[in-house]
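S.K.: Could you look at this predicted model? Sequence included:
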Amino acid sequence: MIAGTRAATPYLTSEAIEKAQGPKELFWIDGATHVDLYDKDEYVPGVIPKLARFFAA
């Protein structure tokens with residue numbers, strides 16, 4: 001799970017990762033809001049390799 005530290009609902013992210021089964025990982029993006037992670041160039045390029053490694057494993 002990837003979430004921004006400035007998202008409006010970080011408690012929901014924490015709760016979801018605690019309840020998740022199987023392989024899981026939580027990666028916080030410092031300074032990002034939820035919507036920032038959709039298309040802002042300053043955040044998206046750093047997330048792509050993280051996702052690729054997780055799904056490859």
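M.R.: It's in.
S.K.: Assumed residue 22 was part of a strand.
M.R.: No - assessed by DSSP: H, G, I helix; E, B strand; the rest coil, residue 22 does not belong to a strand; its assignment is coil.
S.K.: Read off the pLDDT value for it.
M.R.: If you check residue 22, the pLDDT there is 87.
S.K.: Could you pull out the helices in this structure for me?
M.R.: Read by DSSP state H, the chain holds these helices, from start to end of the chain: 10-19, 36-39, 44-56.
S.K.: got a markdown table for these, with distance to residue 29 too?
M.R.: Where C-beta positions appear, they are placed from N, C-alpha and C, glycine not excepted. A markdown table is the format used below for these (distance: least, C-beta to C-beta, whole Å):
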| stretch | distance to residue 29 |
| --- | --- |
| helix 10-19 | 11 |
| helix 36-39 | 6 |
| helix 44-56 | 7 |
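S.K.: Out of those, which is closest to residue 25?
M.R.: Counting by C-beta to C-beta, residue 25 lies closest to helix 44-56 out of these; the figure is 6.2 Å.
S.K.: Would you mind pulling up the elements that the closest one packs against?
M.R.: Contacts of helix 44-56 with other secondary structure elements, assessed using 3 or more C-beta pairs under 8 Å, 6 or more residues apart in numbering; DSSP states H and E, are made with strand 2-4, strand 27-29, helix 36-39.
S.K.: most tightly surrounded among those?
M.R.: Across the helices and strands packed on helix 44-56, averaging neighbours per residue (mean count of other C-beta atoms under 10 Å) puts strand 2-4 on top, at a mean of 19.
S.K.: and the closest residue to residue 13 other than its chain neighbours, how far is that from residue 39?
M.R.: Using C-beta to C-beta, 6 or more residues apart in numbering and skipping residues adjacent in sequence, the residue nearest residue 13 is residue 3, 4.3 Å away. Relative to residue 39, residue 3 is positioned 16 Å away (C-beta to C-beta, to the nearest Å).
S.K.: And residue 53, by the same measure?
M.R.: Spatial separation of residue 53 from residue 39 under the definition C-beta to C-beta is 21 Å.
S.K.: Based on its surroundings, how many neighbours for residue 32?
M.R.: The burial metric for residue 32, expressed as a neighbour count using other C-beta atoms under 10 Å, is 21.
S.K.: Brilliant, that's me finished.
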